[in-house]
Structures are given as C-alpha cells and as structure tokens.
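>>> Got a sequence here, can you model it:
(one chain, ligands or ions: 1)
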Amino acid sequence: MATNEYEVDELKMMEELTINAHQVQEEVLGEILKRNAETEYLKGFLNGQSGKQLFKNNVPIVTYEDIKPYVDRIANGEPSDILLAEPVIEFNRSSGTSGGQPKLIPNTVELSKKRAAFHTLIASVLNKHFGDLNRAGKSMELMFVKPEIETPSGLKARSVTTSLFKDNGFRDILPMLYTSPVETILCLDINQSMYCQLLVGLIQRDEVVRIGSMFASAFLRAIKFIEDHWKELCSNIKTGYLSDWITDSGCKNALSSIMKPDPELADSIENICGCRSWEGIIRKLWPKAKYIGAITTGVMRQYTTALDFYSGGLPLVSSFYACSEAICGINLEPLDKPADVSYTILPNMAYFEFLPVKKDRVSMTQEVQFNGVSEQESIEMKSNNEDIEAVDLVNVKLGQFYELVVTTFTGLYRYRVGDILMVTGFHNNTPQFRFVERENVILSVDADKTSEADLLKAVTEAKTLLDPLGFILTAYTSYGDMSSTPGHYVLFWELKVKEDNDNKEFDPKMMVECCSRMEESLTYTYKIYRQQNAIAPLEIRVVKQGTFDALMDYYVSQGASMNQYKAPSCIKSKEALKILDSRVIGKFFSLKAPL
Ligand code: AMP
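Sure, this is the predicted structure:
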C-alpha cells in the first residue's frame, strides 16, 4: 500500500541497493578511501594509496579509544582533515548508557543529509504497511533534548536526536506531523517537557494515529508518568489552566495557544484512567493509533511485557537499527513481533564488516536453528577459527554471530561499534540481522561470563512464573556482588500488579522459584560453577515502583540523553547501585543449585 510515487521510488531504490549489495559496498569503500587517503590517520597505514586489499591488510580494526586522540585534537581546534576530508560540523554524543562512556562522533553535512534520507525511507516502509498516516492524523512521539556542549574549537557536541530536533527542516514539518510543539521538546527540564508533551497529546487524542518514542524505555516511562499525573492532567484539560509548576516560558507560551477549558474531554479521560486495571490503556486513550513506534529489540526487549499490557494489542514497531556512528539497518517487516525483528543492512550508508564472534562470547544454551545449522555447530565453527578475520557484508553466514565493524564517510575506519548481531536471513543479496546484545556488558563473578542476551533469556524464562499471579516485570538490571566469597549474581526487579487496586503481596515462594528458574536458564559455565559452589546462590532484590525511573534520572543527570537512553543490563557504577539498593523491598535467594 505505498501511497505515492515518491514512496514507490524509495522502495524501488531499496530493492536496487539490496540486489547490488556487493557492488554498492565496493563503491562505498572506494569512495571513502579516495576522499580520505590523504588524512593523517589513513596516511599512517596506507601511505596515500587506496585499494581494498591494502585497506584490509594495513588498516587495523579499532575501538573508540584508538580514534579518541584524533577526535580530541579536532575538538581542540585542529583541522578535521587529520581524520576525514569533509569538514566536521559538530560532534554527536553517543548515549553510552548500555556499556561504556559517551563518545564524541564526528558529524558532517553529508551524514546529516543521509540521516534525513533514512527517515524518509523508514516512513515509506511504514506507509506501505499502515497507509499514509501523515494524512490521517498526527504522531504523539515523546522527544527530548540534552544540553549542548561546546568544544574548545567552537564545535557543538550534542546527541543525534538533539541535533535532529533543532534542525530547521524538522521544525518546519513538526506542527503538521506531531502533537508536541517544538518548545515542549526543547525544554531541558525532563518532567516539564514530559508533562506538556503528554498534555497536548491527550488534548489532541482524537487526531493521534501513531504513538511512541525512539526507544521503548522512554515511552514506558511516559505511560507510568500518566499513571502518576492523570488527575492533574485532567484538571488542566477541564479548566484550561496549566499547572503552576510548569515554569518553562517556552512550554507555557506553546500551551497557552492550545489549551482551552474542555470538561467533556477531561471527563472521558478521567473515566478511562480511573479504571481498576490499566490493561489496554493506550488504545483507550488514543483510539485511532495504529501502532506504537519504539525500539523494542536488544536491551529494550525487557519492556515488551509491560508495553503489551498497556497497549491493548497495538503492534510494537521497531523501525530501524542505527547509532551515532552510522546508520545501519531498517526493519522491512514492521509488524514482526519484537523477538522476531530483523534489520536489513543499508549497503550505501557505510562500509560494513563483520567480526565472527568467538565461542565464549555466545551463550552455549541459546536454542536457535537456521537452515539446519544449529547454533551449537556454528559456535564450534567459530571456535576452530582462532585467527579471526572480518567478513564482508555479502559473505556473512546464516545463523552466525558477528560484531559489527564500520568504515564511514565521517572518519571511522574499521571501527568496532560494540554490537553483536546474528544473521537471520537475506533480503535480495543483503543480509538481515537480529540485534543480539552489546559486546561489553558482561556479568561475571568468577570464570563465568553472562552476556546481555544470556541474562535476557534467563529473565524471560523466570518471569513467566509471575504472569499467572497477576504481576508484570517492568524493568530489571543486574550486578555481580563480590562483597562476600564466593560472589553471586544479584538481579534487581521492579514489579507491577496488573490490577491497580489489588494490594497484592508477591509470594516469597514464587520469588525463590524465580531465582532457581533464572539459574537453570543461565549458561552452562554458570551452572557448573554454581554446582561447585564457586558461585553463591542467585539473589533477586525486588525494588519499589519508580526505582528504574530514578535510575534513568541518574544516568540522564550524568549526561545520557533521555531519547537515546538504554538501561544498563549490568550495573558497574557505585552511585547507580546505591539508588537501587536504597529502594529494595524484598530479597530472595535461590535454594537449590541448578542441574
Ligand atoms: P547511540 O549512539 O547513543 O544512539 O546508541 C546506539 C546504540 O543503541 C547501538 O550501538 C545499539 O547498541 C543500540 N541500538 C540502536 N538501535 C537499536 C535497535 N534497533 N535494537 C537494539 N539496540 C539498538
């Protein structure tokens, strides 16, 4: 159902790119090397020459730490061409919350244009499935910005989304396509911004045809925010007056032209929100919404149970896979369930290479089977190959795990993004990937190594026990507690009762059972060590409602962007741990070693 010729062209272009993936990739690499061969960085490896083989032989695969000195020099005023030929117009700050520290990634005019084109392509794919929603109504998308930092050279350092939301082109289309006025998005106080965006989203509820935020964590937070503030929101709608605590002048001005007393609307929202259960609340509040747009893959998978509960059956759509470093992939099947989503790599966006992941990086217990190659076999194939070489995009193998390496037009050469992906299929000649996990998030107390995906799998198994009891796990994280010997895994769980008026206590027996179920579902190595008492029993600490919001606030106060926030799967910061520990309302331990 592509709705206009322009969109048909976009989709046709996608087909051509994916059919000619090999050739497109060769051209992209050729162009990057031609343009940048004279940069100080590449000259050091290529001596001013280009050529794919030379590039592969001489240019090392690096991490951010390796290019940081160059980035810092540009930030301090040296010309961009020490790293890339095109002038750097600003730096993008990656969120860094699911793994390491925020990074500064060079941005150029060309990359900004590519990002805009990418958004158009995403819209074309979505329109194909949902019809032209831009004509049908507006999006209630929660959008937030972070303060910008200026580097000594005068270049701005800001998140990709802050850059996008401040772009004039975006501001021009905003009033037609979105419910949030720009002033509410640019408000730096997250609570005021959230309140006002939700208020205008509720006022325009009959126009809203799609709803969401970039990542699921921020969207779930918004729903919980309504849960805490709906009476106040309704009173504002009824009287037409904005609450006094909204002091941001931009927000106040923007809302003054939208708000007028509307007791009828306030009553209908009050009736919906006053219900005993909030199951399906999103559909009730925004009856014309066709889907929830928010990334729910990777570490965001943990929010799908809660979102399913609130959504009333609306599809959860994860449209793309991208990072500050590069635009990577698009989801061509937006209606796929979060667990099944794959992203098709866009061969024209960067030169992509893939490092086969070594045996011990991937869980021995995952049960994935593709085209007869079980994961176990693929792990063994990898383990025999000690001398790991990066594989080209078109040469990846179905069912195998890889770490993504990108070479971009913006000064990243053979750069490890830090994401682990698995090949799930091909669209034409271009591979499709499932996002598996961040590479550097490892929970470990001995020789065990539990990755983000291992943890997710164990939590998913254990939380099935909660469902029949009327509880939902809304968020979790973990911590390797080494304060006593042997060390043990600690899981922090935030639980929600399905029926709000129920004063339901969680059953201690069931929580202990959840601890055991988690242990049974962890890796083979974990289980062996646990049986040998080299690891002490796993512990679940239940935290009170709102704890994970407090955790998000903490990371946002430390520089993470609300839009790009990814809750850490494993806590390393003492401060973050304090926040969690101070809100614990119950502790439970596994009583038996897993078999
Ligand atoms: P940032 O640079 O702050 O935007 O963070 C980018 C990181 O977010 C990526 O490297 C991934 O780890 C994660 N990410 C981005 N898109 C997705 C996605 N569709 N599914 C899972 N994780 C994602």
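>>> Three-state assignment for Ile74, please.
Ile74 carries the three-state label helix when classified by DSSP: H, G, I helix; E, B strand; the rest coil.
>>> which bits of the protein sit near the ligand?
Within reach of the ligand by CB under 6 Å from any ligand atom, the chain has these residues: 94-95, 98, 295, 297-298, 318, 321-324, 417, 419, 435, 438, 564, 566. Quick note: C-beta positions are derived from backbone N, CA and C, even for glycine.
>>> As a check, name the ranges of all strands in the stretch 101-250 of the chain.
104-107, 138-142, 149-150, 156-158, 208-215 (DSSP state E, counting those that start in this stretch).
>>> With mean neighbour count as extra columns, can I get the ones you listed in JSON lines?
Shown next, in JSON lines, are those (neighbours: other CB atoms under 10 Å):
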{"stretch": "strand 104-107", "mean neighbour count": "25"}
{"stretch": "strand 138-142", "mean neighbour count": "24"}
{"stretch": "strand 149-150", "mean neighbour count": "13"}
{"stretch": "strand 156-158", "mean neighbour count": "20"}
{"stretch": "strand 208-215", "mean neighbour count": "25"}
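>>> Dump the ones you listed into CSV; add mean pLDDT as well.
Shown next, in CSV, are these (pLDDT from 0 to 100):
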stretch, mean pLDDT
strand 104-107, 95
strand 138-142, 97
strand 149-150, 90
strand 156-158, 92
strand 208-215, 96
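>>> Export the ones you listed to a markdown table and append columns for distance to Met349.
Putting the strands of the stretch 101-250 of the chain into a markdown table (distance: least, CB to CB, whole Å) gives the following:
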| stretch | distance to Met349 |
| --- | --- |
| strand 104-107 | 14 |
| strand 138-142 | 23 |
| strand 149-150 | 26 |
| strand 156-158 | 21 |
| strand 208-215 | 18 |
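>>> can I assume Gln545 sits in a strand?
No: assigned with three-state DSSP, Gln545 falls outside any strand and is coil.
>>> just how off-centre is the host helix or strand of Ile272 within its chain?
When elements are assigned from DSSP states H and E, Ile272 belongs to helix 263-273. Centroid separation between helix 263-273 and its chain, computed with CA atoms, centre = their mean, to the nearest Å, is 33 Å.
>>> what residues does the helix or strand just after it touch?
Sequence-wise, the next helix or strand downstream of helix 263-273 (DSSP H and E) is helix 281-285. Identification of contacts with helix 281-285 by CB atoms under 8 Å, 6 or more residues apart in numbering yields 202, 205, 211, 223, 226, 269, 272-273, 275, 289, 292, 310-314.
>>> related to what we said a few turns ago, who does the helix holding Ile272 touch, helix- and strand-wise?
Helices and strands touching helix 263-273, by 3 or more CB pairs under 8 Å, 6 or more residues apart in numbering; DSSP states H and E, are helix 190-203, helix 216-239, helix 281-285.
>>> So for Met140, which of those helices sits nearest?
Judged by CB to CB, the one of the helices and strands packed on helix 263-273 that comes nearest to Met140 is helix 190-203, at 3.8 Å.
>>> just checking, what packs against the closest one?
Checking 3+ CB pairs under 8 Å, 6+ apart, helix 190-203 ends up next to strand 138-142, helix 182-186, helix 216-239, helix 249-256, helix 263-273.
>>> so the residue of the stretch 351-500 of the chain found nearest the ligand bridges to which residues?
Across the stretch 351-500 of the chain, no residue is closer to the ligand than Phe435, which sits at 4.0 Å (CB to the nearest ligand atom). For Phe435, the beta-bridge partners are Leu421 (DSSP bridges).
>>> residues contacting whichever residue of the stretch 101-250 of the chain sits closest to the ligand?
Going by CB to the nearest ligand atom, the ligand is nearest to Val160 of the stretch 101-250 of the chain, at 6.0 Å. Residues in contact with Val160 (CB under 8 Å, 6+ apart) are 92, 107, 115, 324, 564.
>>> Likewise for Gly30?
Listed by CB under 8 Å, 6+ apart, the contact set of Gly30 reads 50, 52.
>>> so how far is the helix or strand hosting it off the chain centroid?
Under the criterion DSSP H and E, the helix or strand holding Gly30 is helix 21-36. Using CA atoms, centre = their mean, the mean C-alpha position of helix 21-36 is found 28 Å from that of the whole chain.
>>> likewise stretch 518-533?
Offset of stretch 518-533 from its chain centre (CA atoms, centre = their mean): 29 Å.
>>> Please apply the same query to stretch 334-345.
14 Å.
>>> same thing with stretch 273-284?
26 Å.
>>> The residue of the stretch 201-350 of the chain found nearest the ligand - nearest residue in space that isn't next to it in sequence?
At 2.8 Å from the ligand, Gly298 is the closest residue in the stretch 201-350 of the chain, using CB to the nearest ligand atom. In this structure, Gly298 finds its nearest non-sequential neighbour in Phe435, 4.4 Å apart by CB to CB, 6 or more residues apart in numbering.
>>> go on, Gly425?
Distances taken as CB to CB, 6+ apart place Gln432 nearest to Gly425, at 4.8 Å, with adjacent residues excluded.
>>> Same question for Leu466.
Counting by CB to CB, 6+ apart, the residue nearest Leu466 is Leu473, at 6.1 Å.
>>> Tell me what the one you found is bridged to.
Leu495.
>>> please begin residue numbering at 40 from this point
That works, and once the first residue is 40, the last one we named lands at Leu512.
>>> Only the buried residues of stretch 556-576, if you could.
Neighbour-count burial for stretch 556-576, counted by 16 or more other CB atoms under 10 Å, picks out 556-562, 564-566, 568-569, 573-576.
>>> I would like the residues contacting the helix holding Ile311, please.
241-242, 244, 265-266, 269-270, 272-274, 276-277, 320, 323-324.
>>> ok, of the residues you listed, which come out buried?
241-242, 244, 265, 269, 272-273, 276-277, 320, 323-324.
>>> Which one of the residues you listed is nearest to Gly598?
Ile265 (27.0 Å).
>>> low-confidence ranges in the protein?
40-42, 45, 134-140, 398-426, 539-542 (pLDDT under 70).
>>> From what I see, Leu508 and Lys548 are in contact.
No: at 10.6 Å, Leu508 does not count as touching Lys548 under the criterion of CB atoms under 8 Å.
>>> Looking at these two, which is more packed in?
Leu508 (13 against 10; other CB atoms under 10 Å).
>>> can you pull the contacts of the more buried one?
Leu508 touches 543, 545-546, 549, counting by CB under 8 Å, 6+ apart.
>>> Sort out for me which of those are in helices.
Met549 (DSSP state H).
>>> ok, which pair from the contacts of Leu508 is furthest apart?
Lys543 and Met549 (11.4 Å).
>>> picking that back up, in contact with the residue nearest to Gly337, which residues are there?
Counting by CB under 8 Å, 6+ apart, Phe474 touches 336-337, 360, 380, 382, 458, 460.
>>> How much space separates the residue nearest to the spatial centre of the chain from Thr336?
Nearest residue to the geometric centre of the chain (CA atoms, centre = their mean): Phe254, 5.0 Å. Separation of Phe254 from Thr336 (CB to CB, to the nearest Å): 10 Å.
>>> now swap in Gly457 and tell me
Applying CB to CB to Gly457 and Thr336 gives a distance of 16 Å.
>>> same check, this time on Pro220
Relative to Thr336, and taking CB to CB, Pro220 is found at 30 Å.
>>> which of the residues in stretch 56-64 are buried?
Buried residues in stretch 56-64 (16+ other CB under 10 Å): 56-57, 59-60, 63-64.
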